[in-house]
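Participant: Structural data only, the sequence is not supplied:
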């Protein structure tokens, strides 16, 4: 008789909290609940079907609303994934249960730091575990399916939500409610997962992992995001200049355009300018080079959202990159990726 457990894929599940581990007082409550109220081990106990897919080791890294994540949690997550892949060639992949509010940021951070062809899959839920028709159990089941699948190898860090498989660079949360809250603007999902299996019709190619060996320090540089609007409050720019921020992401209107007042505020910046990126508030479409903006030291963030541009800028600063190096990096990961 064949021991099925011996032939099942081995997975590491890192639980961090979120709505997928949320509890409410009533099963009809979709908004009034406590995120991160259940342990990762409880999620597996509620889903015995996972035993048919893989041998899963569960570790609880933290248990909170993803809006409360801090850099220390990212450091812990990166360290654990790197250690797990280095220590176990038999490990098929890693699944991370995560709150949806900042899931895209964590996915993009890991995409830039984890250099291994084995899948790292983030999954969450839009309804708490106690809700009628909770989406978490099926999302988690499908995330494990993806993490076990050879088709997922070589595609980098993935997000699995509502039956769709998204790549870390493009995925974003586009709705505050509803189970189909994640999309990949401009490029679409990489694939899907259903009863018949995992489907990734896009061939995996060479991946650029620019910070694969970067050691993450306990203290990270200050990088702020400014949001463009009609008659923007320039006092915020002044406050940031005096706070000594090391990096700044300007969320411009349209294709990343700054107002005349904002451009003047940059010219009046006291001392050395921080490294600056220019993104768009539109939600899709690229930000291209523009002489009027570029001459002020602003680099276009391509198709990166402001929050993802900030993560790239954070890591670039930790790595000690100068503007020219960051410009070259953006050309490979922010526009053409």
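Facilitator: Thanks, I have the structure now. Computed from a predicted model, the values in this text were never measured in an experiment.

Participant: going forward, measure contacts and count neighbours with C-alpha atoms only.
Facilitator: OK.

Participant: So for stretch 85-96, what gets flagged as buried?
Facilitator: Neighbour counts over stretch 85-96 (16 or more other C-alpha atoms under 10 Å) mark 85, 91, 92, 93, 94, 95, 96 as buried.

Participant: Determine how far the last residue of that stretch lies from the first.
Facilitator: End-to-end distance for stretch 85-96, by C-alpha to C-alpha, to the nearest Å: 14 Å.

Participant: Residues touching it, excluding its own?
Facilitator: Residues from elsewhere that reach stretch 85-96 (C-alpha atoms under 8 Å, 6 or more residues apart in numbering): 9-16, 81, 84, 116, 118-123, 143-144, 147-148.

Participant: following the helix or strand containing residue 310, which helix or strand comes up?
Facilitator: Here residue 310 sits within helix 306-318, counting by DSSP states H and E. Note on helix 306-318: by DSSP H and E, the next helix or strand toward the C-terminus is helix 323-330.

Participant: Could I get the average pLDDT for that following helix?
Facilitator: Confidence for helix 323-330, expressed as mean pLDDT, is 94.

Participant: where does the stretch 151-300 of the chain dip in pLDDT?
Facilitator: Nowhere does the stretch 151-300 of the chain drop to pLDDT under 70.

Participant: What are the boundaries of the strands in it?
Facilitator: Here the stretch 151-300 of the chain has its strands, by DSSP state E, counting those that start in this stretch, at 157-161, 164-167, 172-173, 182-183, 191-194, 197-199, 223-227, 247-252, 275-280, 298-300.

Participant: For these, give me CSV that also has distance to residue 292 and mean neighbour count.
Facilitator: Shown next, in CSV, are these (distance: least, C-alpha to C-alpha, whole Å; neighbours: other C-alpha atoms under 10 Å):
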stretch, distance to residue 292, mean neighbour count
strand 157-161, 36, 28
strand 164-167, 33, 26
strand 172-173, 29, 20
strand 182-183, 32, 22
strand 191-194, 39, 17
strand 197-199, 44, 17
strand 223-227, 19, 18
strand 247-252, 13, 25
strand 275-280, 12, 28
strand 298-300, 9, 26
